[in-house]
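Trainee: Sequence and computational prediction follow.
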Amino acid sequence: MLFDTHVHLNADQYEEDVEEVIERAKEAGVENMVVVGFDEKTILKAMDLVEKYDFLYAAVGWHPVDAIDLEDRHLQWIEELSAHPKVVAIGETGLDYHWDKSPKDVQKEVFRKQIHLAKKVNLPIIIHDREAHADIVEVLKEENAQEVGGVMHCFGGDAEIAKECLDMNFYISFGGLVTFKNAKLPKAVAKEVPLDRLLIETDAPFLAPHPYRGKRNEPAYVKLVAEQIAELREMSYEDFANETTKNAQKLFGLI
């Protein structure tokens, strides 16, 4: 039993075959997924999907790359949607210093606003962190984000950053990156994170694991992530799958 904690079934890449993609995921043992909406279009599509499929849940938030496009009406809308029984998190939000569409100060302001909102509606936060580890940790600490906690999605930091996030009530989630042969750091961290704070994801359609690297990712491939980390930790695949699923259910308030 697997739980893909971060997937974009609402992406254009699945426009033609989303039902087949979902069916392949179920065949691979994926029993639940969180569909993440990060702008107006993808939030709408995420909500459509969770209304249609009982095993899908949604996260609603605003991506840091598009922070400059956020308006007050969007925040109000996200707050309203957060009351929906199938919305389980706020996000993805955070900081992305790889792209330069939104200035860093604007990203930080929008990030802080979404932390405030998560605390107001008492939902965990899904954190996007690209080339911004130190600033992410600083903002989370300053805003006392540990009150609601959440998940560091597609974690790419070192063990020290992981510990700071764990200390703030955050889970650490790994995706396809951990399967890459040259990904020494993610493999090392995946071995060290306490089992009860570890999650798995695909971020599909992005970041497909080995041997599909460079191709469209699918939630079915979360099984490859689980197999890789179970092997690293010298655990049975079944035990690892069950433990990470329980972690996801706990984080998202599903048990």
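Mentor: Good, I have the coordinates.

Trainee: For residue 45, what is the enclosing helix or strand?
Mentor: For residue 45, the element it lies in under DSSP states H and E is helix 40-52.

Trainee: who does the next helix-or-strand element following that helix touch, helix- and strand-wise?
Mentor: The helix or strand immediately downstream of helix 40-52 is strand 56-60, counting by DSSP H and E. The contact analysis (3 or more CB pairs under 8 Å, 6 or more residues apart in numbering; DSSP states H and E) places strand 56-60 against strand 30-37, helix 40-52, helix 72-81, strand 87-96. Backbone N, C-alpha and C define where each C-beta goes, glycine included.

Trainee: Tell me the buried residues in the first one?
Mentor: Right, the one you point to is strand 30-37. 30, 32-37 (16 or more other CB atoms under 10 Å).

Trainee: and if you look at the second one?
Mentor: For helix 40-52, the buried set under the neighbour-count rule, 16+ other CB under 10 Å, comprises 40, 42-43, 45-47, 49-50.

Trainee: hang on, the earlier thing: could the helices and strands packed on strand 56-60 go into TSV alongside distance to residue 22?
Mentor: Listed next are the helices and strands packed on strand 56-60 as TSV, based on distance: least, CB to CB, whole Å:
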stretch	distance to residue 22
strand 30-37	8
helix 40-52	9
helix 72-81	22
strand 87-96	18
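
Trainee: could you dump those to TSV with mean pLDDT and distance to residue 162?
Mentor: Shown next, in TSV, are the helices and strands packed on strand 56-60 (pLDDT from 0 to 100; distance: least, CB to CB, whole Å):
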stretch	mean pLDDT	distance to residue 162
strand 30-37	98	21
helix 40-52	98	28
helix 72-81	98	28
strand 87-96	98	15
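
Trainee: from the middle of its chain, how far away would stretch 108-120 be?
Mentor: How far stretch 108-120 lies from its chain's middle: 17 Å, per CA atoms, centre = their mean, to the nearest Å.

Trainee: Please save the CA atoms from it in PDB.
Mentor: The C-alpha coordinates for stretch 108-120 follow below in PDB (Å, rounded to 0.1, in the frame of the first residue of the first chain):
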ATOM      1  CA  LYS A 108       9.100  35.600   1.000                       C
ATOM      2  CA  GLU A 109       6.100  37.800   1.600                       C
ATOM      3  CA  VAL A 110       3.800  35.300  -0.200                       C
ATOM      4  CA  PHE A 111       5.400  32.400   1.700                       C
ATOM      5  CA  ARG A 112       4.700  34.100   5.000                       C
ATOM      6  CA  LYS A 113       1.100  34.900   4.000                       C
ATOM      7  CA  GLN A 114       0.500  31.200   3.300                       C
ATOM      8  CA  ILE A 115       2.100  30.100   6.600                       C
ATOM      9  CA  HIS A 116      -0.300  32.500   8.400                       C
ATOM     10  CA  LEU A 117      -3.200  31.100   6.400                       C
ATOM     11  CA  ALA A 118      -2.100  27.500   7.200                       C
ATOM     12  CA  LYS A 119      -2.000  28.300  10.900                       C
ATOM     13  CA  LYS A 120      -5.400  30.100  10.700                       C
END
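
Trainee: can you list contacts of it?
Mentor: Stretch 108-120 is contacted by residues 61-62, 64, 67, 70, 75, 78-79, 82, 89-91, 93-95, 102, 124-125, 135, 139-140, 143-145, 147-148, 150 when judged by CB atoms under 8 Å, 6 or more residues apart in numbering.
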